[in-house]
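# what follows is a predicted structure for the sequence shown.
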Amino acid sequence: MFVSGFTVIRNAEIMGYPIVESIRSILPLVDEYVVGVGQSEDKTKQIIESIGDPKIKIFESVWDKTKTQGGLILSEKTNEALDQCQGEWCFYLQADEVVHENDLVAIRQSLEKYKNSEEVEGLLFDYVHFYGAYNIIGTSRSWYRKEVRIVKRSKNPRSVGDAQGFKIEGRKPFVAPSNAQIFHYGWVKAPAAMGEKNKHMFRWWHGNKYDESFKDFAYKTAYGLRYFNGSHPAVMVSRVLSQDWNFSLKRGTSDWDIRDYKNMLSDIAEKITGRRIGEYKNYVLLKKHRQRSLKCK
């Protein structure tokens, strides 16, 4: 069973991405790791090369700076990297996503379990979203709970939109659980660095418009933030320990906006009904009885 990892990256230093930690987190699981490196104003390519693992295959990618609508450039570049993969299973990590070493066995077991299934087209991961500090996570419906990060190359998957998910022949992929998590660190860095990152990312959605809020970025105590009591992936420990800014939760609603109140009402409805009504999903999760039948084939 040949497994490919793949990602895209541009301006890793400027954006403060934990790209080295991200790549290293699944190197024990993959047979190759394809990295599309866009033209950068920093030492991004040298950073990837410094990992020094022969599994890593770098190719240079040109990002068209005139494509500034809806973040579509991200799926375009992701598909370039996917097309370079040789494995039957292709494991996609964005530059701010990391896998815990404790989950590698479970992921390997899921890959083996569904490798011969014609129906299972991808594997679904639970998400842990960090916000503001390495000990705080977002749990409201503003944060997606699950997403597809492993796909079967034979099904011709395509990254879509701003590269959050995949489609197969224009439809949502049929997936099974990976029984693992993705640790998402996209919203954890010093406030000034977070504002700078947002400024650079904003242009891929809205062109060269400028918002003064980037300069004075500050984290807000939104509804649904909780303290994180688990362990971080080992590759992230040095970053976690190097946090040199403060952000802590506080009681009260002074930072809340209308979306926070809507999220609170949504949580109340979910507790009553047992369902998260209106939740957007980029996938179709196969029923458990279907998964059992597939396993028996």
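Arrived safely.
# from here on, just use CA atoms for contacts and neighbour counts.
Noted.
# which of the residues in stretch 12-23 are buried?
Neighbour-count burial for stretch 12-23 flags 12, 14-23 (criterion: 16 or more other Cα atoms under 10 Å).
# same check on stretch 55-66?
Buried residues in stretch 55-66 (16+ other Cα under 10 Å): 56-58, 61, 63.
# which of those fall in strands?
Here DSSP state E is the test, and those give 56-58, 61 as lying in strands.
# just these now: which is nearest residue 100?
Nearest to residue 100 out of those is residue 56 (Cα to Cα; 19.6 Å).
# for that closest one, list each beta-bridge partner.
Beta bridges link residue 56 to residue 33, judged by DSSP bridges.
# and it, how far from residue 34?
In this view, residue 56 and residue 34 are 6 Å apart by Cα to Cα, to the nearest Å.
# doesn't residue 91 fall inside a strand?
Yes - under DSSP: H, G, I helix; E, B strand; the rest coil, residue 91 falls within a strand.
# which ones are touching it?
3-6, 149-151 (Cα atoms under 8 Å, 6 or more residues apart in numbering).
# can you list those residues in TSV and add distance to residue 233 and secondary structure?
Below are the contacts of residue 91 laid out as TSV (distance: Cα to Cα, whole Å; DSSP: H, G, I helix; E, B strand; the rest coil):
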residue	distance to residue 233	secondary structure
3	21	strand
4	21	strand
5	18	strand
6	19	strand
149	18	strand
150	19	strand
151	23	strand
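# so where's the stretch 151-297 of the chain uncertain?
In the predicted model, the stretch 151-297 of the chain carries pLDDT under 70 at residues 208-213, 288-297.
# all strands of it, in order?
Ranges of strands in the stretch 151-297 of the chain, per DSSP state E, counting those that start in this stretch, are 157-160, 165-168, 174-187, 225-227, 284-285.
# quick check, nearest of the buried residues of stretch 55-66 to residue 38?
Among these, residue 61 lies closest to residue 38 (Cα to Cα), at 4.6 Å.
# isn't the closest one right next to residue 38, touching?
Yes - counting by Cα atoms under 8 Å, residue 38 is a contact partner of residue 61 at 4.6 Å.
# would you map the helices across the stretch 51-200 of the chain?
Assigned by DSSP state H, counting those that start in this stretch, the stretch 51-200 of the chain shows helices spanning 72-83, 104-114, 191-206.
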